[in-house]
Structures are given as structure tokens and as C-alpha cells.
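Visitor: Everything below, folded, please.
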Amino acid sequence: DNAAGWFEPAMWWAERIPYLRIVLPTVPVSATMGTTSWFDFGAGGDTAGTFAASAQSLNQLLSKEESAVGSGRVVVAGFSQGGALAYHLALTRAQQRLGGAAALSTFLRQEVIEQVSNISQQTPILICHGTADDRIPGGADGARDASDRLRQLGIHDVELKIYEGMGHSATDVELLDVLHWFRRVLPDTGALRPSSRL
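Guide: Numbering: from 1, shown residues only. Presented below is the predicted three-dimensional model:
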């Protein structure tokens, strides 16, 4: 996916939450995969190396946002591979938890489960998945398992949304659920409202 693919949903959210600033990073093109990809997968790919490189790049972006508004006012959200990285970015932090993580149509990597930090136990997590998604290992059952595993690890603010008939995509109902979640984890504080950056 790239920034253009999520421009309209981001605009829709920003119009309804005027104090929300949205940053949409564009996925790099993988030489191995031959298309945009946050990390390689399948035979011949360097999954661990490309995942780590993307995580490092996104952490640098996160640091800039945190310095502007504070860690607790930064939420990471991702779809598919981006969701796997959102889990990683939010759950493996050593200091200062983020405001939340939204994992859409994605999966929770075992490596992330093994690295969940104590500070991240206070991080709100939203998991959204469709019952007809055949692109993600485990499908909707994998999303349910991820929710259970996170609770077992001490992360109590886990919200799971399963959408009947939704494939590897997003729906208006899901976007509305994400909007409500944004409002809950990022309430209006009355502070200076930066323009949304898309």
C-alpha cells in the first residue's frame, strides 16, 4: 500500500477530528518483491532484515511526531503489513508508551509477542479483521488469537472488531469504528490544533 491508497479515509477522519494530524508514510519498493512492501515474505526474501529496516525508518518518523506532541498523543495505525509494523512500534517500546495502535487486516508476529515491553501494557490496541480475508495467515481466527495473546501478556485495553464478509480491505463500518476509537484514545484536550498533514 502507499499513502495515496489511504488518503480518502484519512481525510474523512481528519474532517471529523479537527485536532488530529495524520501522517501517511509511503511504502518503499522492494527489490525482492518487485512491488511496494514494508518487508519481504516468501521464499528468497529477507523478512527479518527488511522488517527491521522499515521499523527503524518508522521509529525515526515517530520520534519527530513525539517531540511535537508527546508520546501519549501519538497513535500508530497500519493495514496488512503496516499493521504488523504498528504492533511492533507500539508494543516493543522501552520508554514512554504511545497513545495506541490500530492493527487492520494484519497479523501479530511471534517476534513481537516475545518482545512486548512492560510500558506497552498500558497501550490501547484496536484490532480489525474481516471474516473473508484470505490474504492474512490465520484470517479472522488469527485476529481473535492476537487479541487473546495480548490480554494474556497484560494488555487489557484490547478492542477486537470482526466484520462479517469483509475481505482484505476496509469498509465504511470499519472506518467509523476506527474514528470512534481515535476519539477515545486521543480526546480533545483543547490544546493548539495543528493542521492535518496528509
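Visitor: where do the strands sit along this structure?
Guide: 75-79, 100-104, 125-130, 158-163 (DSSP state E).
Visitor: Mind putting these into a markdown table with distance to Leu150, mean pLDDT and mean neighbour count?
Guide: In short, each C-beta sits where N, CA and C put it, glycine included. Formatted as a markdown table, the strands of the chain follow (distance: least, CB to CB, whole Å; pLDDT from 0 to 100; neighbours: other CB atoms under 10 Å):
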| stretch | distance to Leu150 | mean pLDDT | mean neighbour count |
| --- | --- | --- | --- |
| strand 75-79 | 15 | 97 | 23 |
| strand 100-104 | 10 | 98 | 26 |
| strand 125-130 | 6 | 98 | 26 |
| strand 158-163 | 5 | 98 | 17 |
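Visitor: For the closest residue to Glu65 other than its chain neighbours, give me phi and psi.
Guide: Using CB to CB, 6 or more residues apart in numbering and skipping residues adjacent in sequence, the residue nearest Glu65 is Val74, 5.0 Å away. As for Val74, its main-chain torsions (degrees, to the nearest 10) stand at phi -110, psi 130.
Visitor: which residues of this protein fall in helices?
Guide: 7-16, 47-69, 81-91, 110-115, 139-152, 172-185 (DSSP state H).
Visitor: Give me the contacts around stretch 52-68.
Guide: 21, 23, 25, 28, 38-39, 74, 76, 85, 88-89, 96, 98, 194 (CB atoms under 8 Å, 6 or more residues apart in numbering).
Visitor: where are the low-confidence patches of this structure?
Guide: Scanning the chain for pLDDT under 70 picks out the ranges 1, 33, 43, 191-198.
Visitor: and with 50 instead?
Guide: Across the chain, the ranges flagged by pLDDT under 50 are 195-198.
Visitor: Pick out the residue closest to the middle of it.
Guide: Central residue of the chain (CA atoms, centre = their mean): Ala77, 2.8 Å from the mean position.
Visitor: Make JSON lines out of the helices of the chain and add mean neighbour count and distance to Ile125.
Guide: Below are these laid out as JSON lines (neighbours: other CB atoms under 10 Å; distance: least, CB to CB, whole Å):
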{"stretch": "helix 7-16", "mean neighbour count": "15", "distance to Ile125": "18"}
{"stretch": "helix 47-69", "mean neighbour count": "15", "distance to Ile125": "16"}
{"stretch": "helix 81-91", "mean neighbour count": "25", "distance to Ile125": "7"}
{"stretch": "helix 110-115", "mean neighbour count": "14", "distance to Ile125": "12"}
{"stretch": "helix 139-152", "mean neighbour count": "17", "distance to Ile125": "6"}
{"stretch": "helix 172-185", "mean neighbour count": "16", "distance to Ile125": "10"}
